[in-house]
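Colleague: here is a sequence with its predicted model. Questions after.
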Amino acid sequence: MGLLTGKTALITGASRGIGKAIAEKFAEEGANLILTDLFYDDQAKNLEEKLNQMGVKAKMYASDASKFADAQRVVEEALKDFERIDILVNNAGITRDNLLMRMTEEQWDLVINVNLKSVFNLTKAVQGTMLRQRSGSIINMSSVVGVSGNAGQANYSASKAGMIGFTKTIARELGSRNIRCNAIAPGFILTEMTEKLSEEVRKEWAEKIPMKRGGSTEEVAKVALFLASDLSSYVSGQVIQVCGAMLT
Ligand code: NAD
């Protein structure tokens, strides 16, 4: 018996990076998986196949988490295939970094819509199901820069800080219905998002981290597993930093 046997999780932005690692970790623990990403491409298809071979039911849906109607549609469709949703991981996220002086309105709107509005969209879409089930765990993938701020990331930091406010509010609103809501704030995690940075910048970052290295996607996935499972049955409204003591 895995920690998530009998549960179904919906993970956004799941075809690579942290979302993919969470899908794999949840599958190891027996969860069925509703996965979304912008496109049903080879990456998405390969992951879907791999997870089904692990003995759980997994299906990937092409869906833009930043679009309200699309979130409603995908949850409706998924409920025909899966019947229940116990866990929601709002993981989809992007960066469009620029100093405020150069940041365009498009860069601001895009990051706020993909990172923050998506959390509202998906949480609204699964809320009714979780209320009927009288249980649920919602996990929002924030960032340490949502806590600390970061020069050149006004849009990203604001979106990630907004997710924290949303997390704490939902924990208060839905706590009496046994629905928990927590945020994970990763520090510097080695994924395609951070691979875009030069070797030099990555080294510089690692030097600033007390643990002297970036984190792995699996290290974030293990915390997501804790929050998704009954191991954290009395943990709600919290922000767990996974950052090698980068921010204390
Ligand atoms: P990534 O770029 O590797 O993966 C993000 C996934 O989200 C991609 O598959 C992408 O296609 C998908 N996506 C983008 N826009 C989408 C949309 N509108 N709808 C649905 N899917 C969409 O990124 P990652 O590093 O795995 O990051 C995952 C999450 O963790 C993000 O929210 C990110 O902000 C957060 N995070 C990452 C780090 C890090 O160091 N990598 C640190 C802190 C927080």
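Modeller: Right, received. Where do you want to start?
Colleague: got a list of what the nearest residue to residue 35 once chain neighbours are set aside touches?
Modeller: Of all residues not flanking residue 35 in the chain, residue 14 sits nearest, at 3.9 Å (C-beta to C-beta, 6 or more residues apart in numbering). Where you see a C-beta, it was placed from the backbone N, CA and C, and this is true even at glycine. Going by C-beta atoms under 8 Å, 6 or more residues apart in numbering, residue 14 touches 20, 22-23, 33, 35-37, 44, 47, 60, 91.
Colleague: quick one: which of those residues has the most company?
Modeller: residue 22 (32 neighbours; other C-beta atoms under 10 Å).
Colleague: my guess is that residue meets residue 10, correct?
Modeller: No: Residue 22 is beyond contact range of residue 10, at 11.1 Å (criterion: C-beta atoms under 8 Å).
Colleague: what's the overlap in contacts for these two?
Modeller: Taking C-beta under 8 Å, 6+ apart as the criterion, residue 22 and residue 10 both touch residue 89.
Colleague: ok, the residue sitting furthest away from the middle of the chain to residue 114 distance?
Modeller: No residue in the chain sits farther from the centre than residue 101, which is 29.5 Å out by C-alpha atoms, centre = their mean. Separation of residue 101 from residue 114 (C-beta to C-beta, to the nearest Å): 23 Å.
Colleague: likewise residue 217?
Modeller: Noted for residue 217: a distance of 19 Å to residue 114, by C-beta to C-beta.
Colleague: those two: which has the busier surroundings?
Modeller: Higher neighbour count among residue 217 and residue 114: residue 114, with 23 against 20, using other C-beta under 10 Å.
Colleague: residue 24 looks like it's in a strand, true?
Modeller: No: under DSSP: H, G, I helix; E, B strand; the rest coil, residue 24 sits outside any strand and is assigned helix.
Colleague: and it, how many neighbours?
Modeller: Other residues near residue 24 come to 18 when the count uses other C-beta under 10 Å.
Colleague: ok, then the element right after the helix or strand of the chain with the lowest mean pLDDT?
Modeller: Within the chain, confidence by mean pLDDT, DSSP states H and E is lowest for helix 192-195 among all helices and strands, at a mean of 78. Remark: after helix 192-195, the chain's next helix or strand is helix 199-208, criterion DSSP states H and E.
Colleague: what's that next one in contact with?
Modeller: 188, 194, 197, 212-214, 246.
Colleague: run the last query once more with 10 Å
Modeller: The contact list for helix 199-208, computed with C-beta atoms under 10 Å, 6 or more residues apart in numbering, reads 187-188, 190, 194-195, 197-198, 212-214, 244, 246.
Colleague: convert it to CSV, retaining C-alpha atoms only.
Modeller: C-alpha atoms of helix 199-208 as CSV (Å, rounded to 0.1, in the frame of the first residue of the first chain):
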residue,chain,number,x,y,z
GLU,A,199,27.0,28.0,-15.9
GLU,A,200,28.6,31.0,-14.2
VAL,A,201,25.3,32.3,-12.8
ARG,A,202,24.4,28.8,-11.6
LYS,A,203,27.7,28.5,-9.8
GLU,A,204,27.2,31.9,-8.2
TRP,A,205,23.8,30.9,-7.0
ALA,A,206,25.1,27.6,-5.5
GLU,A,207,27.8,29.6,-3.6
LYS,A,208,25.2,31.7,-1.9
